[in-house]
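In: what's the 3D shape of this:
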Amino acid sequence: MRSNRKYDSEFKQEAIKLVVDEGRTIREVESSLGITHGVLKGWVQKHRDQQDPVKVHHASVEAELKHLRKENERLLREREILKKAVAIFSTDPNRYSGS
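Out: Next comes the predicted model:
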């Protein structure tokens with residue numbers, strides 16, 4: 001049965017400190033604090049991810065790369081449209097002048 005207990009941020013930080021700073025096991029801390037099995041593991045992992053500047057940098061680089069790829073696709077589409085327009089208007093100047 002799942003419990004939908006809410007834990008405040010101070011409680012979470014204290015539990016994380018017990019694992020990270022004091023070297024206690026996740027199961028041990030979960031058991032002693034009455035935390036649902038597996039919840040503390042997620043908190044600790046998120047804390048470690050936030051503390052690792054390489055992962056933070058990697059995430060920002062990934063976001064920028066995604067943005068640049070999307071922009072590149074848009075620019076390529078625009079270039080193809082312009083190439084087609086140039087081809088149409090450069091074939092026969094009298095064709096579109098209404099004469």
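
In: and the pLDDT for Tyr96?
Out: Looking at Tyr96, its pLDDT stands at 58.

In: identify all contacting residues around the least confident helix or strand in the chain by mean pLDDT.
Out: Least confident helix or strand of the chain, by mean pLDDT, DSSP states H and E, is helix 39-51 with a mean of 88. Helix 39-51 is contacted from outside by 7, 12, 15-16, 19-20, 26, 29-30, 55-56, using CB atoms under 8 Å, 6 or more residues apart in numbering. From N, CA and C alone the C-beta is placed, and that goes for glycine too.

In: and the buried ones among those, selectable in PyMOL?
Out: Filtering the contacts of helix 39-51 down to the buried ones (16 or more other CB atoms under 10 Å) takes a single PyMOL command:
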select buried, resi 12+15+16+19+26+29+30
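
In: distance to Glu73, pLDDT and secondary structure added to the contacts of helix 39-51, as TSV?
Out: Putting the contacts of helix 39-51 into TSV (distance: CB to CB, whole Å; pLDDT from 0 to 100; DSSP: H, G, I helix; E, B strand; the rest coil) gives the following:
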residue	distance to Glu73	pLDDT	secondary structure
Tyr7	43	88	coil
Lys12	41	92	helix
Ala15	45	94	helix
Ile16	41	92	helix
Val19	44	92	helix
Val20	42	90	helix
Ile26	43	92	helix
Val29	47	93	helix
Glu30	46	92	helix
Lys55	27	72	helix
Val56	27	71	helix
